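Chemist: Got a sequence here, can you build the structure:
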Amino acid sequence: MSVSFPGFEAKTFTTNSEDGYIEISYLIGGNGPPLLLLHGFPQTKAIWSQVAPELAKYFTVVASDLRGYGASSKPHGKPDHSTYSKRSMAADQRALMKSLGFDQFFLLGHDRGGRVSHRLAMDFPKSVLRLMVLDISPTLKMYENTSMEFARGYWHWFFLIQPEPVPETMIGQNPEFWLKNHMGRHAGMGIFSPERWTEYLAGASKAESMHAMCEDYRAAASIDLVHDRNDRILDKKLEMPIKVLWGEHGLVNKCFNPVDDWKEVASDVSGSAVPSGHYIPEEVPEQLFAQAKEFFG
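Modeler: As a prediction, the model looks like this:
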């Protein structure tokens with residue numbers, strides 16, 4: 001059961017990274033200025049199936065699987081978690097876009113993909129013309145402002161960072177139970193098509209994939225914070241236009257102020273809440289398409 005992306009071609013790109021050769025699975029379709037779409041946890045590029053075909057009428061759309069997710073490579077994490085640092089994951093995606101001849105591009109990231117996008121824009125500011133992030137504030141801001149309400153709602157942030165193999169083993173005992181409880185609590189299960197759900201469950205059910213996802217979170221609580229704090233010390237800010245959208249029914253809306261939070265790390269920020277929970281591309285795809293078309297167009 002595969003997720004349909006009419007008019008898109010499935011391809012694989014191989015990049016030689018510090019962690020060896022990494023294969024990045026991606027879809028490409030459409031015409032116009034290049035737009036890279038990056039998904040979140042515990043999902044894949046399939047999250048864009050309701051948005052990408054519409055965007056492809058105006059842009060050359062590239063929807064890829066992050067390192068560790070979907071059909072991309074899943075190397076075992078190093079002790080310092082650098083294998084899944086947002087710096088390493090961002091370098092994969094920039095290399096992919098350069099291989100396609102796109103030295104500059106638009107960038108749209110949801111959840112973990114938004115964090116990879118933040119690092120990509122910070123490390124390669126000349127590559128990213130405009131950046132849109134969905135339902136996140138910057139990682140450092142969210143950790144430094146953790147409240148009881150946030151910790152209770154986003155408890156997986158603190159569970160997944162426990163030492164290997166604790167979360168991997170526990171989730172591995174019943175991946176479907178874990179996934180339904182994790183994803184269903186945000187917006188119910190009805191927003192996920194059977195095809196997309198099958199793909200997400202396949203990822204959570206594979207040991208190497210679940211390890212990679214845990215490493216993504218371990219990196220966010222360690223090496224990624226080092227990189228973010230270094231940016232703060234150097235007073236580095238993102239200069240390209242940034243737009244942030246977040247779900248009015250989600251925890252980010254309750255616990256953070258996304259526009260103000262992003263203004264701490266960027267110079268040109270706009271944004272607003274949309275009538276959804278966390279999974280904006282799957283809950284309100286029409287609104288996301290309209291906002292993305294206007295912002296990138």
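
Chemist: what's the following helix or strand after the one helix or strand Cys214 maps to?
Modeler: Assigned by DSSP states H and E, Cys214 belongs to helix 207-220. Using DSSP H and E, the next helix or strand after helix 207-220 towards the C-terminus is helix 223-233.

Chemist: List the buried residues of that next one.
Modeler: By neighbour count on 16 or more other CB atoms under 10 Å, the buried set for helix 223-233 is Ile223, Asp224, His227, Asp228, Asp231. Backbone N, C-alpha and C define where each C-beta goes, glycine included.

Chemist: packing partners for the helix or strand of the chain with the lowest mean pLDDT?
Modeler: Least confident helix or strand of the chain, by mean pLDDT, DSSP states H and E, is helix 175-187 with a mean of 91. On a contact count with 3 or more CB pairs under 8 Å, 6 or more residues apart in numbering; DSSP states H and E, helix 175-187 meets helix 194-204.

Chemist: Centre of the chain to the helix it packs on, how far?
Modeler: Here helix 194-204 shows a centroid-to-chain-centroid distance of 17 Å under the convention CA atoms, centre = their mean, to the nearest Å.

Chemist: Okay, angle between that helix and helix 207-220 too, please.
Modeler: Orientation check (axes from the mean of the first three to the mean of the last three CA atoms, to 10 degrees): helix 194-204 against helix 207-220 gives 80 degrees.

Chemist: Alpha carbons only: can I get the least confident helix or strand of the chain in PDB?
Modeler: C-alpha atoms of helix 175-187 as PDB (Å, rounded to 0.1, in the frame of the first residue of the first chain):
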ATOM      1  CA  PRO A 175       4.900  -0.400  18.100                       C
ATOM      2  CA  GLU A 176       1.300   0.000  17.100                       C
ATOM      3  CA  PHE A 177       0.200   0.700  20.600                       C
ATOM      4  CA  TRP A 178       2.900   3.300  20.900                       C
ATOM      5  CA  LEU A 179       2.200   4.900  17.600                       C
ATOM      6  CA  LYS A 180      -1.600   5.100  18.100                       C
ATOM      7  CA  ASN A 181      -1.200   6.600  21.600                       C
ATOM      8  CA  HIS A 182       1.500   9.100  20.400                       C
ATOM      9  CA  MET A 183      -0.100  10.300  17.200                       C
ATOM     10  CA  GLY A 184      -3.800   9.900  18.200                       C
ATOM     11  CA  ARG A 185      -3.600  12.100  21.200                       C
ATOM     12  CA  HIS A 186      -2.700  15.100  19.100                       C
ATOM     13  CA  ALA A 187      -5.700  15.100  16.700                       C
END
